[in-house]
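> Quick one, what's the 3D model for this:
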Amino acid sequence: MRECIQLGVLLFDKCMQNLGSENAHLFRTVFKYGSTMYGLYGDMVLGVDGLVRYYSHPNERRYELCDDRLLFFNEVDEVTAELTRVGEGQVFLSGGLQRVFLLPTLVLDEHPAPLPDYPPMLINSIPKSGTYLVEGVLRHLGVAPIGLHLGSYIYDDNRGIEEADVHRAPQSRRHSLPAGALAALMGRGECVVGHIEDSFQLAAIDKLGVAKLNCIRDLRDVLISLYRFKLSTVDPLDVEDRLWRALPESGRFLGFLLHFADRDVKHVQEVARAIAADVGVRLKFEELLTGQLTEDTSAALAAIDGELATAFSTKLPLVLGMPTSTLSDRPSSHEEHWSAAVQDFFEESGLAEANRMLGY
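So this is what the prediction gives:
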């Protein structure tokens, strides 16, 4: 009989040696967990340490894999479910009338090269606030992006997409999955980008030990940059999305704000408020453009890892000006298109208050 392995006892490489290469993706998979009778219970990740990650219920606290049998244990260490692998894949199904199942919905590949020993990091940014600039710095430190762009409950799968095409028709690569479940897959030395405003998901990400780098910027400049980005890079989605683009230049920016008021512009405000209430590291776009970090920013990065602040400061000047999927030919300034009507919108929409919360 093959050895029954309790994952919490053995190291990851030994688990892989005993379990076989067919299980290499087991710990890099988000599963849908549910039953044929009652439907989906939630999203689950099986941790390398034998603990169930992200999914939270007293009946599924840890697990053991024995041959092709997967056992779940409750908080008093009693077996609560026994599932069997179906075929050679990563689908698991129990017997009985109420058949419980695990169905894979996302698998991340392993990175072939050794990664630096930084904690996993989420670059959570207000749109157009230096998302890919910060990712570029982390790349230069050897940190590996996982190739996804997260929302609170969705993600865009940009793996294998050319950088210049990442923001063209991203909805064609959009899938539903909570950000916390995706964060549960991440290992040390990895990073992911996103615009997450949901407090439950941000709390789940904190609980998983993922460090947050919150990118902020004056929201007036954010709106101008987003406007220019939509015009130059993002394809129109429908007739209305084409109409505001055809307005005379004198009123086009206001038309943009009104068209996206309850979508992109609202999302900018929601992410800004979430970051203003968060305790993660704040990276100001205006500060990053100088190529130097303030003492407060350096101290916050050092709190994540003692060497991160120095390494980040060293690589930042090398990355400034390098092309990214969202870099424009020049920094945007709100003075370009601002008017009394735009200022009224900025105040009445709540954006001005959110800006003050960020310290602008």
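
> For the residue lying closest to residue 47 once chain neighbours are set aside, which residues are in contact?
The shortest distance from residue 47 to any residue other than its chain neighbours is 4.6 Å, reached at residue 53 (Cβ to Cβ, 6 or more residues apart in numbering). All C-beta atoms are positioned from the backbone trio N, CA, C, and that covers glycine. By Cβ atoms under 8 Å, 6 or more residues apart in numbering, residue 53 lies in contact with 44-47, 184, 208.

> Give the bridge partners for residue 53, please.
Taking DSSP bridges, one finds residue 45 as the beta-bridge partners of residue 53.

> Report the residue ranges of every domain in this protein.
For the chain, automatic domain parsing gives the domain ranges 4-107, 121-357.

> So which of those is nearest residue 114?
domain 121-357 (8.0 Å; Cβ to Cβ).

> Between the two ends of the closest one, how far is it?
Using Cα to Cα, to the nearest Å, the span of domain 121-357 from its first residue to its last is 24 Å.

> same deal with stretch 42-62?
End-to-end span of stretch 42-62 (Cα to Cα): 16 Å.

> swap in stretch 25-44?
By Cα to Cα, the extent of stretch 25-44 from end to end equals 14 Å.

> so where's the stretch 1-150 of the chain shaky on pLDDT?
1-24 (pLDDT under 70).

> Let me see the contact set for the residue nearest to residue 215 when sequence neighbours are not counted.
Using Cβ to Cβ, 6+ apart and skipping the chain neighbours, the partner closest in space to residue 215 is residue 125 (3.5 Å). Listed by Cβ under 8 Å, 6+ apart, the contact set of residue 125 reads 131, 134, 193-195, 214-216, 271.

> make it 7 Å
The contact partners of residue 125, by Cβ atoms under 7 Å, 6 or more residues apart in numbering, come to 131, 195, 215.

> related to what we said a few turns ago, go through the domains of the chain and pick out the most buried.
domain 121-357 (a mean of 18; mean count of other Cβ atoms under 10 Å).

> neighbouring contacts of stretch 154-167?
For stretch 154-167, contacts defined as Cβ under 7 Å, 6+ apart pick out 147-149, 170, 173-177, 182, 233-234, 325-326.

> rerun at 6 Å
With contacts defined as Cβ atoms under 6 Å, 6 or more residues apart in numbering, stretch 154-167 is touched by 147-149, 170, 173-177, 233-234, 325.

> next one: stretch 29-44
Residues from elsewhere that reach stretch 29-44, judged by Cβ under 6 Å, 6+ apart: 45, 55, 90, 98-100, 102-107, 178, 181.

> Go again with 10 Å.
45-46, 52-57, 59-60, 63, 72, 81, 83, 90-94, 96-108, 176-178, 180-182, 184-185 (Cβ atoms under 10 Å, 6 or more residues apart in numbering).

> Do me a favour and get the end-to-end distance for it?
End-to-end distance for stretch 29-44: 9 Å, by Cα to Cα.

> about what we covered before: who wins for proximity to residue 113 among the domains of the chain?
Evaluated over the domains of the chain, closeness to residue 113 peaks at domain 121-357, with 8.0 Å, by Cβ to Cβ.

> ok, the contacts of residue 53 vs residue 280, which is closest?
Nearest to residue 280 among the contacts of residue 53 is residue 208, at 13.3 Å by Cβ to Cβ.

> need the strands for the stretch 251-360 of the chain, in chain order.
Taking DSSP state E, counting those that start in this stretch as the criterion, the stretch 251-360 of the chain carries its strands at 281-284.

> Got phi/psi on the residue nearest to residue 215?
Main-chain torsions, residue 125, degrees, to the nearest 10: phi -130, psi 150.

> With the one 4 residues further on instead?
Its backbone dihedrals place residue 129 at phi -120, psi 20, with angles given as degrees, to the nearest 10.

> okay but residue 274 is in contact with residue 126, surely?
Yes. Contact criterion Cβ atoms under 10 Å: residue 274 and residue 126 qualify, at 9.4 Å.

> Mind listing the shared neighbours of these two?
Common neighbours of residue 274 and residue 126, using Cβ under 10 Å, 6+ apart, are 195, 197, 214, 354.

> Let me have these in a markdown table, adding secondary structure as columns.
Listed next are the shared contacts of residue 274 and residue 126 as a markdown table, based on DSSP: H, G, I helix; E, B strand; the rest coil:
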| residue | secondary structure |
| --- | --- |
| 195 | coil |
| 197 | coil |
| 214 | strand |
| 354 | helix |
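
> Just give me the closest of those to residue 295.
For those, the closest approach to residue 295 (Cβ to Cβ) belongs to residue 214, at 17.9 Å.

> got a pLDDT number for the closest one?
Note on residue 214: pLDDT of 98.

> picking that back up, any chance of CSV for the domains of the chain, columns distance to residue 113?
Listed next are the domains of the chain as CSV, based on distance: least, Cβ to Cβ, whole Å:
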stretch, distance to residue 113
domain 4-107, 16
domain 121-357, 8
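
> Nearest approach to residue 115 belongs to which of those?
Nearest to residue 115 among the domains of the chain is domain 121-357 (2.7 Å), distances taken as Cβ to Cβ.
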